[in-house]
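Novice: Quick one: sequence plus predicted model below, questions after.
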Amino acid sequence: MKPTVYAPSLTPVWKLLRECGYDPDPLFREMHIDPESLRDERARISLSRIEQMWKWIDQHSDNRCIGLGVVEHWHPTAAGALGYAWLASSTLRTSLERLVRYQRMISEGVTGSIHEKAGEVSLVVAFHLETEEEIPVWVDAILALIVHLCRINYGEELPLTSVSFRHREPDCASRFYGYFRCPLEFGADDNRISFPAAILDQPLEGSHPTLARLHDQVIVDYLAGLKQGSLVEKVKNAIIERLPSGGVTDATIAHALYMHERTLQRNLRQEGTTFKSILNEVREELAIRYLQDETLSLGEISFLLGFTEISSFSRAFKRWTGVPPSDYRAGR
């Protein structure tokens, strides 16, 4: 399947173009993007069409800072459940982790990774395009939007260590400094937003773990629907549904998927994985999510993950992350 983008995420771009004096309707239709799809939360648009759209903007706009303007038109609905889950996150660290984990909901062509060292945490943003060539105004829009989201959660006084861009410095660089309010680097090795590590774990006033967890589940269900034909996604879905009842094995999951156990094992090997690997991956992801909810005890989390004893869960979690679940929760 070709990579796609969440259609409503284009709404801020539509509004930005209109504000800049362009008529977005014929442009979107020229790119074979149905304007009505921007209001359809189930609609996806080919990444190649989005790439064409941003290329058009990059080539036809005299404003080299136009990408920064996207933040003026952002609304949580542009990111669906991920937007609301972000707003309900307990800390900026969990916000960024949530973004990295679920970015595929918004775009299958942009990924993020978190790097931490020497008191600094960086979010590195990478673009995976057909042309292998990044589009500067698109990069600017994404990095500006991420900073905008962080400021919504933390406050306008959010301190940034630095922001870097792979593209060269534009002639309107003063606007970049005015927006990001930190040291900038152009022509860098990667697109990166860096934060002082100390601020990432400070509790956020808008935190609502229960709402965040509910939206997380909506995202998980949405992503599962994106790959209904994927055996791995089907197995993950079946595991999530059955974990609290315990006894999740390759045999029970194969039965749930109307397959023979050996057929399931063989097909998973062909996809480069195993049932045990998928089970551990699902449990680890859910465990981290559940530990962010202080209302859940370790015993309840153990039960939700299908462990019969807390000790078994603790050993497994330490094997996955290097620390016991109690230490992980205390350090958040």
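Specialist: Structure's in. What do you need?

Novice: How far does stretch 63-79 sit from its chain's centre?
Specialist: Offset of stretch 63-79 from its chain centre (Cα atoms, centre = their mean, to the nearest Å): 17 Å.

Novice: and if you look at stretch 272-288?
Specialist: Mean C-alpha position of stretch 272-288 versus that of the full chain (Cα atoms, centre = their mean) differs by 18 Å.

Novice: and what of stretch 259-266?
Specialist: Here stretch 259-266 is found 32 Å from its chain centre; the criterion is Cα atoms, centre = their mean.

Novice: So for it, what gets flagged as buried?
Specialist: 259, 264-265 (16 or more other Cβ atoms under 10 Å). For the C-beta atoms, the positions are set from N, CA and C on the backbone; glycine is no exception.

Novice: Restrict that stretch to CA atoms and write it as CSV.
Specialist: Presented in CSV, the C-alpha positions along stretch 259-266 are these (Å, rounded to 0.1, in the frame of the first residue of the first chain):
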residue,chain,number,x,y,z
MET,A,259,-6.3,-20.0,10.9
HIS,A,260,-4.3,-23.1,11.8
GLU,A,261,-1.6,-22.4,14.4
ARG,A,262,1.2,-23.5,12.0
THR,A,263,-0.2,-21.4,9.2
LEU,A,264,-0.1,-18.3,11.5
GLN,A,265,3.4,-19.0,12.5
ARG,A,266,4.6,-19.5,8.9
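
Novice: Tyr222: neighbouring residues, count only.
Specialist: A count of nearby residues for Tyr222, using other Cβ atoms under 10 Å, gives 18.

Novice: ah, wrong one, I meant Asp40
Specialist: 11.

Novice: What does the pLDDT read for it?
Specialist: You'll see Asp40 listed with a pLDDT of 85.

Novice: how about the strands in the protein?
Specialist: 4-6, 44-46, 110-117, 120-127, 162-165, 184-186, 191-196 (DSSP state E).

Novice: nearest to Leu243, of those strands?
Specialist: Among those, the nearest to Leu243 by Cβ to Cβ is strand 110-117 (26.3 Å).

Novice: where in this structure is pLDDT low?
Specialist: 1, 131-132, 227-230, 332 (pLDDT under 70).

Novice: contacting residues around the residue nearest in space to the middle of it?
Specialist: Centroid-nearest residue in the chain: Gln103, 2.4 Å away (criterion: Cα atoms, centre = their mean). Contacts for Gln103 (Cβ atoms under 8 Å, 6 or more residues apart in numbering) come out as 110-112.

Novice: Can I get the buried part of those as one ChimeraX selection?
Specialist: To isolate the buried members of these in ChimeraX, using 16+ other Cβ under 10 Å:
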select :110,112
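
Novice: Columns distance to Glu41 on top of the contacts of Gln103, output as CSV?
Specialist: Listed next are the contacts of Gln103 as CSV, based on distance: Cβ to Cβ, whole Å:
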residue, distance to Glu41
Val110, 19
Thr111, 22
Gly112, 22
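
Novice: quick one: which of the contacts of Gln103 is nearest Tyr177?
Specialist: Closest approach to Tyr177 among these (Cβ to Cβ): Gly112, at 23.2 Å.

Novice: what's around the nearest residue in space to the closest one that is not next to it in sequence, how many residues?
Specialist: Using Cβ to Cβ, 6 or more residues apart in numbering and skipping the chain neighbours, the partner closest in space to Gly112 is Val100 (4.6 Å). Using other Cβ under 10 Å, Val100 is surrounded by 16 other residues.

Novice: What separation do you get for Val100 and Glu309?
Specialist: 31 Å (Cβ to Cβ, to the nearest Å).

Novice: neighbours around Pro325, how many?
Specialist: Neighbourhood size, Pro325 [other Cβ under 10 Å]: 22.

Novice: whoops, I mixed them up, Leu38
Specialist: For Leu38, using other Cβ under 10 Å, the count is 21.

Novice: ok, the residue nearest to it when sequence neighbours are not counted - contacts?
Specialist: Among residues not flanking Leu38 along the chain, Thr11 sits closest, at 5.1 Å (Cβ to Cβ, 6+ apart). Contacts here follow Cβ under 8 Å, 6+ apart; on that basis Thr11 touches 38, 73, 75, 77-78.
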